[in-house]
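# Model the structure of this input:
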Amino acid sequence: MYPIIKQMLRTGIKTEAPPATDESLRVVRQRLQENILKHFGHALAIRHVDAGSCNGCELEIHCLNNPYYNLEGLGISFVASPRHADMLLVTGPVTKNMEIALRRTYDATPEPKLVVALGDCGCTGGIYGENYASCGGIANVIPVDVAVPGCPPTPTAIMQGILTAISKA
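Residues are numbered from 1 along each chain as shown. The predicted structure follows:
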(Lines give C-alpha, C1' and ligand atoms only; values in the text may rest on other atoms or scores of the structure.)
Protein backbone atom coordinates (compact mmCIF):
# COMPACT_ATOMS: atom_id res chain seq x y z
CA MET A 1 0.00 0.00 0.00
CA TYR A 2 2.84 2.39 0.83
CA PRO A 3 4.40 2.21 -2.68
CA ILE A 4 1.03 3.09 -4.26
CA ILE A 5 0.54 6.15 -2.02
CA LYS A 6 4.13 7.22 -2.68
CA GLN A 7 3.54 6.91 -6.45
CA MET A 8 0.33 8.97 -6.20
CA LEU A 9 2.07 11.76 -4.31
CA ARG A 10 4.98 11.79 -6.75
CA THR A 11 2.71 11.90 -9.83
CA GLY A 12 0.23 14.52 -8.64
CA ILE A 13 -2.94 15.48 -10.49
CA LYS A 14 -2.52 15.44 -14.26
CA THR A 15 -5.98 15.56 -15.81
CA GLU A 16 -7.32 18.53 -13.88
CA ALA A 17 -4.35 20.75 -14.61
CA PRO A 18 -5.20 23.21 -17.40
CA PRO A 19 -3.28 22.18 -20.50
CA ALA A 20 -0.94 24.70 -22.05
CA THR A 21 -1.31 25.55 -25.71
CA ASP A 22 0.56 22.85 -27.49
CA GLU A 23 1.44 22.86 -31.18
CA SER A 24 2.40 19.18 -30.99
CA LEU A 25 -1.20 18.32 -30.00
CA ARG A 26 -2.49 19.92 -33.20
CA VAL A 27 0.05 17.96 -35.25
CA VAL A 28 -0.80 14.68 -33.49
CA ARG A 29 -4.53 15.29 -34.02
CA GLN A 30 -4.00 16.00 -37.73
CA ARG A 31 -1.79 12.95 -38.29
CA LEU A 32 -4.21 10.77 -36.33
CA GLN A 33 -7.18 11.84 -38.44
CA GLU A 34 -5.27 11.33 -41.72
CA ASN A 35 -4.06 7.86 -40.72
CA ILE A 36 -7.52 6.73 -39.58
CA LEU A 37 -8.99 7.59 -42.95
CA LYS A 38 -6.03 6.12 -44.86
CA HIS A 39 -5.91 2.78 -43.03
CA PHE A 40 -9.55 2.21 -42.12
CA GLY A 41 -11.59 4.40 -44.47
CA HIS A 42 -14.10 4.89 -41.64
CA ALA A 43 -14.17 5.86 -38.00
CA LEU A 44 -11.88 3.96 -35.65
CA ALA A 45 -13.80 1.93 -33.08
CA ILE A 46 -12.01 1.29 -29.78
CA ARG A 47 -13.02 -1.17 -27.07
CA HIS A 48 -11.53 -0.26 -23.70
CA VAL A 49 -10.76 -3.20 -21.38
CA ASP A 50 -9.87 -2.66 -17.73
CA ALA A 51 -7.90 -5.77 -16.84
CA GLY A 52 -7.40 -4.81 -13.19
CA SER A 53 -6.08 -1.25 -13.07
CA CYS A 54 -6.24 1.33 -10.31
CA ASN A 55 -8.35 3.55 -12.66
CA GLY A 56 -5.67 6.23 -13.11
CA CYS A 57 -5.40 5.39 -16.82
CA GLU A 58 -9.18 5.38 -17.17
CA LEU A 59 -9.33 8.99 -15.96
CA GLU A 60 -6.90 9.95 -18.73
CA ILE A 61 -8.91 7.96 -21.30
CA HIS A 62 -12.10 9.77 -20.26
CA CYS A 63 -10.21 13.03 -20.60
CA LEU A 64 -9.76 12.26 -24.32
CA ASN A 65 -13.49 12.80 -24.84
CA ASN A 66 -13.52 16.31 -23.37
CA PRO A 67 -13.72 19.37 -25.66
CA TYR A 68 -9.96 20.03 -25.52
CA TYR A 69 -8.86 16.67 -26.98
CA ASN A 70 -12.19 15.85 -28.73
CA LEU A 71 -11.43 12.31 -29.88
CA GLU A 72 -14.95 11.90 -31.31
CA GLY A 73 -14.25 14.83 -33.64
CA LEU A 74 -11.29 12.90 -35.08
CA GLY A 75 -13.45 9.92 -35.99
CA ILE A 76 -12.55 7.78 -32.98
CA SER A 77 -15.36 6.29 -30.95
CA PHE A 78 -15.53 3.90 -28.02
CA VAL A 79 -17.78 0.89 -28.53
CA ALA A 80 -19.38 -1.48 -26.04
CA SER A 81 -18.74 -4.71 -27.92
CA PRO A 82 -15.41 -6.14 -29.05
CA ARG A 83 -17.23 -7.44 -32.15
CA HIS A 84 -17.53 -3.84 -33.37
CA ALA A 85 -13.98 -2.79 -32.43
CA ASP A 86 -10.89 -2.22 -34.54
CA MET A 87 -8.63 -1.69 -31.51
CA LEU A 88 -8.42 -2.85 -27.90
CA LEU A 89 -7.18 -0.27 -25.39
CA VAL A 90 -6.17 -2.33 -22.35
CA THR A 91 -5.22 -0.92 -18.95
CA GLY A 92 -3.86 -2.41 -15.76
CA PRO A 93 -1.96 -5.54 -14.88
CA VAL A 94 -3.99 -8.57 -15.93
CA THR A 95 -5.47 -10.07 -12.80
CA LYS A 96 -6.03 -13.82 -12.68
CA ASN A 97 -9.78 -13.14 -12.61
CA MET A 98 -9.60 -11.13 -15.87
CA GLU A 99 -7.22 -13.39 -17.80
CA ILE A 100 -9.90 -15.52 -19.49
CA ALA A 101 -12.17 -12.50 -20.09
CA LEU A 102 -9.31 -10.62 -21.78
CA ARG A 103 -8.52 -13.59 -24.04
CA ARG A 104 -12.20 -13.93 -24.99
CA THR A 105 -12.41 -10.21 -25.75
CA TYR A 106 -9.31 -10.47 -27.92
CA ASP A 107 -10.71 -13.51 -29.75
CA ALA A 108 -14.06 -11.75 -30.32
CA THR A 109 -12.41 -8.73 -31.95
CA PRO A 110 -12.44 -9.08 -35.75
CA GLU A 111 -9.24 -9.07 -37.80
CA PRO A 112 -7.28 -6.88 -38.36
CA LYS A 113 -7.15 -6.00 -34.68
CA LEU A 114 -4.79 -3.73 -32.84
CA VAL A 115 -3.91 -3.86 -29.14
CA VAL A 116 -2.56 -0.90 -27.18
CA ALA A 117 -1.30 -1.51 -23.62
CA LEU A 118 -1.66 1.59 -21.44
CA GLY A 119 0.29 2.58 -18.37
CA ASP A 120 3.24 1.06 -16.57
CA CYS A 121 0.97 -1.70 -15.24
CA GLY A 122 -0.25 -2.61 -18.71
CA CYS A 123 3.27 -2.60 -20.15
CA THR A 124 5.19 -4.48 -17.46
CA GLY A 125 2.87 -5.19 -14.55
CA GLY A 126 4.01 -1.99 -12.83
CA ILE A 127 4.21 -2.02 -9.05
CA TYR A 128 2.01 -5.12 -8.97
CA GLY A 129 4.32 -7.27 -11.13
CA GLU A 130 3.62 -10.97 -11.48
CA ASN A 131 2.32 -12.73 -8.39
CA TYR A 132 -0.37 -15.08 -7.16
CA ALA A 133 -3.13 -12.65 -8.19
CA SER A 134 -1.60 -10.97 -11.27
CA CYS A 135 -0.34 -12.24 -14.63
CA GLY A 136 1.73 -9.07 -15.01
CA GLY A 137 1.71 -7.06 -18.23
CA ILE A 138 -0.85 -7.47 -20.99
CA ALA A 139 1.72 -9.00 -23.34
CA ASN A 140 1.84 -12.03 -21.02
CA VAL A 141 -1.77 -12.82 -21.99
CA ILE A 142 -2.42 -11.42 -25.50
CA PRO A 143 -0.18 -9.98 -28.25
CA VAL A 144 0.42 -6.23 -27.89
CA ASP A 145 1.11 -3.92 -30.84
CA VAL A 146 2.00 -0.74 -28.93
CA ALA A 147 2.83 -0.09 -25.28
CA VAL A 148 2.28 3.40 -23.83
CA PRO A 149 4.22 3.77 -20.55
CA GLY A 150 3.43 6.23 -17.79
CA CYS A 151 1.66 6.18 -14.47
CA PRO A 152 -0.75 7.32 -15.79
CA PRO A 153 0.17 8.28 -19.37
CA THR A 154 -0.94 11.74 -20.47
CA PRO A 155 -3.84 12.06 -22.92
CA THR A 156 -1.39 13.26 -25.59
CA ALA A 157 0.75 10.14 -25.03
CA ILE A 158 -2.36 7.96 -25.38
CA MET A 159 -3.24 9.69 -28.65
CA GLN A 160 0.34 9.19 -29.84
CA GLY A 161 0.10 5.48 -28.94
CA ILE A 162 -3.12 5.13 -30.93
CA LEU A 163 -1.44 6.89 -33.85
CA THR A 164 1.56 4.58 -33.66
CA ALA A 165 -0.68 1.51 -33.63
CA ILE A 166 -2.64 2.72 -36.66
CA SER A 167 0.59 3.51 -38.51
CA LYS A 168 1.80 -0.06 -37.93
CA ALA A 169 -1.42 -1.55 -39.36
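# Wait, Val116 touches Leu89, no?
Yes: the criterion here is Cβ atoms under 8 Å, and Val116 meets it with Leu89 at 5.2 Å. In short, each C-beta sits where N, CA and C put it, glycine included.
# any shared contact partners between these two?
Both Val116 and Leu89 are contacted by Ile162, under the criterion Cβ atoms under 8 Å, 6 or more residues apart in numbering.
# Tell me where this protein has strands.
44-50, 76-78, 87-91, 114-118, 146-148 (DSSP state E).
# Minimum distance to Thr105: which of those has it?
Ranking the strands of the chain by their distance to Thr105 (criterion: Cβ to Cβ) puts strand 44-50 first, at 5.6 Å.
# between that closest one and strand 87-91, how big is the angle?
30 degrees (axes from the mean of the first three to the mean of the last three Cα atoms, to 10 degrees).
# strands paired with strand 44-50, and their directions?
Strand 44-50 pairs in its sheet with strand 76-78 (parallel), strand 87-91 (parallel), by DSSP bridges.
# List the buried residues in the longest one.
Spelled out, it's strand 87-91. Met87, Leu88, Leu89, Val90, Thr91 (16 or more other Cβ atoms under 10 Å).
# What's the mean pLDDT across stretch 131-138?
For stretch 131-138, mean pLDDT is 91.
# Same question for stretch 74-82.
Mean per-residue pLDDT for stretch 74-82: 88.
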